[in-house]
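Visitor: Here you go, sequence then predicted model.
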Amino acid sequence: MTGLGNTGAAVLAAFFVAASAASAYQPGSIDVDVELVLAVDISYSVDEEEAQRQREGYVAALASEDVIRSIQGGPLGRIAVTYVEWADSGFQRAAADWMVIGSEEDALTFASRVAAAPLERGHYTAIGAALADAVNRIESNDYNAPRLIVDISGDGPQNQGLPLEQARAMADAAHVVVNGLPVISSGDGRWVRPVEVNLDDYFRDNVITGPGAFVLPARTEAEFREAILRKLIIEIAGALPSPGEVDAEYGMVVGRAP
């Protein structure tokens, strides 16, 4: 798969071409329980060491027994997943393209592909373009699932590219749920730069969308790793706790369906 173009018009055109060609069920497609895009911010606001640690967090989570058990506990016992790194409006790259995971061996293979991919960087934070690209990847793949999810991480608000309102509308039209993992810092440090907005609220109000969509913030490297693991398990199992349970147990912010 390739990323979208440098302009909002190109993003919109690519999306609608894919959407018009897609149907509720495509002959020859592979049935899975979930189609999941892991969309990870690698803009320059995250330094190279931190970007590598983010990737390592996903690799560890994808290969964990808890995630594998969640996958195998589904009706079909398999999901389709791709790992996409993004930054500028024209930069969305699959570090590991779509793969079906239904076993520990599959999970370890996918995790190794993520770990082995070269790390490239971009300057800006184009969340809207990343969402549009993720929806396009779901609409144009060879899989069929009752649950379509984009899991997007980021360490700051959008500063370039397709408006988030348009990107969320694309996701809503395609019945794609968007969950958020904001990486937050309250001061200067190696993990991330500080941000001038309440990133939890920003992701809730501007990024996530769809029934049961949620935000799970992370404030430290260790918390980031734990957040990835919890988030994947919830998304794969499709068993989001009630809002009260979420706030108490996971520190999540639950969004509302559009």
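Guide: Ah, there it is. Numbering: from 1, shown residues only.
Visitor: Specify the local secondary structure of the most centrally placed residue in the chain.
Guide: The residue at the geometric middle of the chain, judged as the C-alpha nearest the mean C-alpha position with CA atoms, centre = their mean, is D151 (2.2 Å). At D151, secondary structure determined by DSSP: H, G, I helix; E, B strand; the rest coil is strand.
Visitor: Tell me if I'm right that it and E235 touch.
Guide: Yes: between D151 and E235 a contact is recorded at 6.2 Å, counting by CB atoms under 8 Å. The C-beta positions use only the backbone N, C-alpha and C, and glycine is treated the same way.
Visitor: Overlap in contacts, these two.
Guide: Listed as contacting both D151 and E235 by CB atoms under 8 Å, 6 or more residues apart in numbering are 36, 179.
Visitor: Could you measure from S140 over to S29?
Guide: If you measure S140 against S29 using CB to CB, to the nearest Å, the figure is 11 Å.
Visitor: Who has more neighbours out of the two?
Guide: Neighbour totals were compared for S140 and S29, and S140 leads with 17 against 14 (other CB atoms under 10 Å).
Visitor: Please determine how far the more buried one is located from A134.
Guide: Following CB to CB, the distance that separates S140 from A134 is 11 Å.
Visitor: try L148
Guide: Between L148 and A134 the distance, using CB to CB, works out to 10 Å.
Visitor: Now do the shared contacts for these two.
Guide: Both L148 and A134 are contacted by V176, under the criterion CB under 8 Å, 6+ apart.
Visitor: Of the two, which one has the most company?
Guide: Higher neighbour count among L148 and A134: A134, with 29 against 23, using other CB under 10 Å.
Visitor: and L38, which of the three is it?
Guide: Put simply, L38 is strand when judged by three-state DSSP.
Visitor: For the residue nearest to it when sequence neighbours are not counted, what is the enclosing helix or strand?
Guide: Spatially, and ignoring its direct neighbours in sequence, L38 is nearest to Y83 (4.7 Å; CB to CB, 6 or more residues apart in numbering). Applying DSSP states H and E as the criterion places Y83 in strand 79-86.
Visitor: Past that strand, which element shows up next along the chain?
Guide: Moving toward the C-terminus from strand 79-86, the next helix or strand (DSSP H and E) is strand 92-101.
Visitor: strands paired with that following strand, and their directions?
Guide: Under the criterion DSSP bridges, strand 92-101 sits next to strand 79-86 (antiparallel) in its sheet.
Visitor: model confidence over the strand it pairs with, on average?
Guide: On average, the pLDDT along strand 79-86 is 96.
Visitor: what comes up buried for stretch 81-97?
Guide: Counting neighbours by 16 or more other CB atoms under 10 Å, one finds that the buried residues in stretch 81-97 are 81-96.
Visitor: got it, and stretch 217-235?
Guide: 217-219, 221, 223-235.
Visitor: How about stretch 146-156?
Guide: 147-156.
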